[in-house]
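structure for this input, please:
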Amino acid sequence: MKQLITIGIAIVITAFLGVTNHVNAQSKDNTIVNLDAKQQSIIAIASLTAKGDLQTLESALTEGLDAGLTVREIKEVMVHLYAYCGFPRSLRGLRTFIKVLDKRKAEGVEDQLGAEATPIEDNRTKYERGKANLETLVQAKLDGPPADYAQFAPIIEVFLKEHLFADIFDRDILDYRQRELVTVSVLATIGGVEPMLHSHMNICLIQGITPIQLKELMDVVGKNVDQEKIDSAKKVLNELLESKKQ
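Sure, this is the predicted structure:
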């Protein structure tokens, strides 16, 4: 994800700071600007899976299902996050999810399976599709010279475009906003990746996630991670929002 460091800020949005509370704030056009229950569950599940806190994850998975997330949506969260925190965390999360589903089934709970990913009918190469998806995410053309890492190890650029941004992002079980909530939650949880966190928080803003929603994300993630990590993530967010005012 280092290439995202080089992605310039494409769109300046109006940033504003607010204090998170338990009542949904509304914008001037009455658009709800707070995270909804499903989004909060996606964040908690992503963070706890990345951390490997499987006991607390069980409760978060139950809350996510009760909030209306489908089985396939939660599975997709865990598939998506492996690109950021690795297969071991993802696979342990999936096994925990199986355990939760089996328990609920035994209790007579019928969880909604949800829709499958739409088959890809696109004649472009995976690399072309991945590049196009990334350009949609950042709302800017990416035709400049390759980043330093891509020049140093070109194959990683191919994997990023063809696998992460094509194979994974082409799956429409989650939308781009949901995927970026997962990504930011994972990056804030693992810590030590501030440049990538800055880039993905910026993508969140570009994709329409509000500053208040990002602050709420920090609050949700902050329940489960070390204070040092969440302080660092909040600092990145504050610096990003301040930059939008200039």
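
spatially nearest residue to Ala233 (excluding sequence neighbours)?
Excluding the flanking residues, the one nearest Ala233 by Cβ to Cβ, 6 or more residues apart in numbering is Ala188, at 4.0 Å. All C-beta spots, glycine's among them, are computed from the backbone N, C-alpha and C.

which regions of the protein lie under the pLDDT threshold?
For the chain, residues meeting the criterion pLDDT under 70 lie at 1-32.

dump the residue contacts of the residue sitting nearest the centre point of it.
With distances taken as Cα atoms, centre = their mean, Val182 lies nearest the centre of the chain, 2.3 Å away. Val182 makes contact with 42-43, 46, 77, 80-81, 174, according to Cβ atoms under 8 Å, 6 or more residues apart in numbering.

what strand or helix carries it?
Assigned by DSSP states H and E, Val182 falls within helix 176-190.

after that helix, which helix or strand is next?
helix 194-206.

next secondary structure after that next one?
helix 211-222.

the inter-axis angle of that following helix versus helix 194-206?
140 degrees (axes from the mean of the first three to the mean of the last three Cα atoms, to 10 degrees).

how about helix 211-222: buried residues?
In terms of neighbour count (16 or more other Cβ atoms under 10 Å), helix 211-222 has its buried residues at 211-218, 220-222.

closest to Leu237 out of those?
In terms of Cβ to Cβ, no member of the buried residues of helix 211-222 lies closer to Leu237 than Leu214, at 5.7 Å.

returning to what we had before: can you tell me which of the contacts of Val182 are buried?
Among the contacts of Val182, those classed as buried by 16+ other Cβ under 10 Å are 42-43, 46, 77, 80-81, 174.

looking at the residues you listed, which is nearest Asp111?
Nearest to Asp111 among the buried ones among the contacts of Val182, counting by Cβ to Cβ, is Val77 at 14.7 Å.

how much space separates that closest one from Glu194?
The gap separating Val77 from Glu194 is 23 Å, by Cβ to Cβ, to the nearest Å.

again, but for Thr96
From Thr96 over to Glu194 (counting by Cβ to Cβ), the distance is 29 Å.

got it, and Ala83?
Per Cβ to Cβ, Ala83 is found 18 Å from Glu194.

coming back round to it: nearest to Gly108, of the buried residues of helix 211-222?
Val220 (29.6 Å).

please name the nearest non-neighbouring residue to that closest one.
Leaving out its chain neighbours, the residue that sits closest to Val220 by Cβ to Cβ, 6+ apart is Ile43, at 4.6 Å.

and the nearest residue to Ala37 once chain neighbours are set aside, how many residues sit next to it?
In space, and not counting its chain neighbours, Ala37 is closest to Ala67: 4.0 Å by Cβ to Cβ, 6+ apart. For Ala67, the count of nearby residues is 15 (other Cβ atoms under 10 Å).

enumerate every residue touching Ala67.
By Cβ under 8 Å, 6+ apart, Ala67 lies in contact with 37-38, 40-41.

the residues you listed: which two are farthest apart?
Farthest pair in the contacts of Ala67 (Cβ to Cβ) is Lys38 and Gln40. Separation: 7.3 Å.

quick one: which of the contacts of Val182 is nearest to Ala150?
If you rank these by distance to Ala150 using Cβ to Cβ, His80 comes first, at 22.3 Å.
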